[in-house]
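Trainee: What shape does this take:
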Amino acid sequence: MADLTTFDPNSVGLKSNNIFGLPFKEDEAALVLLPVPWEVTISYRDGTSRGPENVYDASMQVDLYDPDVVDGWKKGFHMLPVDKIIKKKSDYLRQCAELIISHLIDGGVVSENEQLSEKLDEVNDGGVVLKNWVYEMTSNLLKEGKKVGLLGGDHSTPLGFIHALAERHSDFGVLQIDAHADLRDAYEGFTYSHASIMFNVLKEIPQVKKLVQVGIRDYCDEELFMIRDNPDRISTYFDKDIKEMQFEGQTWKQICQQIVNDLPQKVYISFDIDGLDPKLCPNTGTPVPGGFEMEQVFYLFKQVVASGRELIGFDLNEVSAGEHSQDGIDAIVGARALYKLCNFMVANMK
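Mentor: Residues are numbered from 1 along each chain as shown. Alright, predicted model coming up:
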């Protein structure tokens, strides 16, 4: 274990330590965070590939006392370095994807353009590379007995991680906080699109017995049909319905209990920051009016843990460092969301 005798949790966070200014090396930490600087298939605004670096920097401003999990940080949190090769590959493939998206917006057909067809193949091959890399990284950490969290990047990033968890857990659920349903089949031709993450999870990973979506407020007919056609595997709490339940007298506690009751014993949390009110994440890739206050989401997570369910992993994604990020609070909100997720992950550790 790390020697904490000289560490002052009340002092300024030191970047020379690690995430949140904590002095834990990888082998000393109970929870290891994998940053994934990837945003190849984003549909609107860029910047999410720089999210891990910006969240890391902002994490130095997070005070360590958490009333929900007092001294959780003492279990040890450590974030691995950002992989420069993955980041460079994302930057290159993003340029390819932009050409394809522009062509589609102009009414073009990619299959009729040989050059763009080749670039589409490159992008889809890159998605496989990313999935396999994330799988290998997280699988190795899990084999070492680590708890693992993933920090994106866009929302396509955790697929390999969920595959790795499926090798260790035969039955678990995904709790998705999001503005979008992410149930599109190869959106814009991209097999591993950020808009297809939950479609791919359900298609590729049968161990995910239940997907519980919360806060959804931007979706298409195709996604709605998939939700309605799979009531045993998908439960969706639309933002509109949540608000109307509250308008008509239900408390957030009662709604959270319904959500928790839909989850199996083992739970993976997938937290897209755009599930929050966009005032808290103004630079995220595809902001949507509506959404939650931060404390509402934290309360839901708290109820999941209090129910005795086991958190087996999480991802936090779509925290953007776009061109206007200096005018927003995205990174500092992301850092606080990450800290709460880390603490809940170790809450029941002895």
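Trainee: for the stretch 1-150 of the chain, what spans make up the helices?
Mentor: Per DSSP state H, counting those that start in this stretch, the stretch 1-150 of the chain has helices spanning 51-59, 84-105, 114-143. These are given in chain order.
Trainee: would a markdown table of these with mean pLDDT be doable?
Mentor: Compiled in a markdown table, the helices of the stretch 1-150 of the chain are given as follows (pLDDT from 0 to 100):
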| stretch | mean pLDDT |
| --- | --- |
| helix 51-59 | 95 |
| helix 84-105 | 95 |
| helix 114-143 | 97 |
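Trainee: Return the most buried member of those.
Mentor: Most buried of the helices of the stretch 1-150 of the chain, by mean neighbour count (mean count of other CB atoms under 10 Å): helix 51-59, with a mean of 24. C-betas here are computed from N, CA, C, even on glycine.
Trainee: Need the contact partners of that helix.
Mentor: 13, 15, 19-21, 35-37, 79, 82, 151-153, 316-321, 325, 330-332, 334-335, 338-339 (CB atoms under 8 Å, 6 or more residues apart in numbering).
Trainee: Tell me the secondary structure at Pro287.
Mentor: Per DSSP: H, G, I helix; E, B strand; the rest coil, the secondary structure class of Pro287 is coil.
Trainee: What is the neighbour count of it?
Mentor: Using other CB atoms under 10 Å, the number of residues around Pro287 comes to 23.
Trainee: Ignoring the adjacent residues along the chain, who's closest to it?
Mentor: Pro278 (3.8 Å; CB to CB, 6 or more residues apart in numbering).
Trainee: dump the residue contacts of the one you found.
Mentor: Neighbouring residues of Pro278 by CB under 8 Å, 6+ apart: 284, 287-289, 291.
Trainee: Endpoint to endpoint, stretch 172-182 covers what distance?
Mentor: The distance separating the two terminal residues of stretch 172-182, taken as CA to CA, to the nearest Å, comes to 19 Å.
Trainee: now stretch 320-336
Mentor: Start and end residues of stretch 320-336 are separated by 15 Å (CA to CA).
Trainee: roughly how far apart are the nearest residue in space to Pro52 that is not next to it in sequence and Gly51?
Mentor: On the basis of CB to CB, 6+ apart, the spatially nearest residue to Pro52 that is not a chain neighbour turns out to be Pro35, at 3.4 Å. When distances are taken as CB to CB, to the nearest Å, Pro35 and Gly51 turn out to be 8 Å apart.
Trainee: What of Thr286?
Mentor: According to CB to CB, Thr286 and Gly51 sit 14 Å apart.
Trainee: Repeat that for Met137.
Mentor: Going from Met137 to Gly51 by CB to CB gives 17 Å.
Trainee: again, but for Leu130
Mentor: Distance of Leu130 to Gly51, computed by CB to CB: 15 Å.
Trainee: Same check on Asp185?
Mentor: In this view, Asp185 and Gly51 are 26 Å apart by CB to CB.
Trainee: swap in Ile227?
Mentor: Plainly put, Ile227 is 28 Å away from Gly51 if you go by CB to CB.
Trainee: ditto for Arg94
Mentor: To Gly51, Arg94 is 14 Å away according to CB to CB.
Trainee: sorry, back to before: mind putting the helices of the stretch 1-150 of the chain into a markdown table with distance to Gln213?
Mentor: Rendered in a markdown table, the data for those read as follows (distance: least, CB to CB, whole Å):
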| stretch | distance to Gln213 |
| --- | --- |
| helix 51-59 | 22 |
| helix 84-105 | 25 |
| helix 114-143 | 21 |
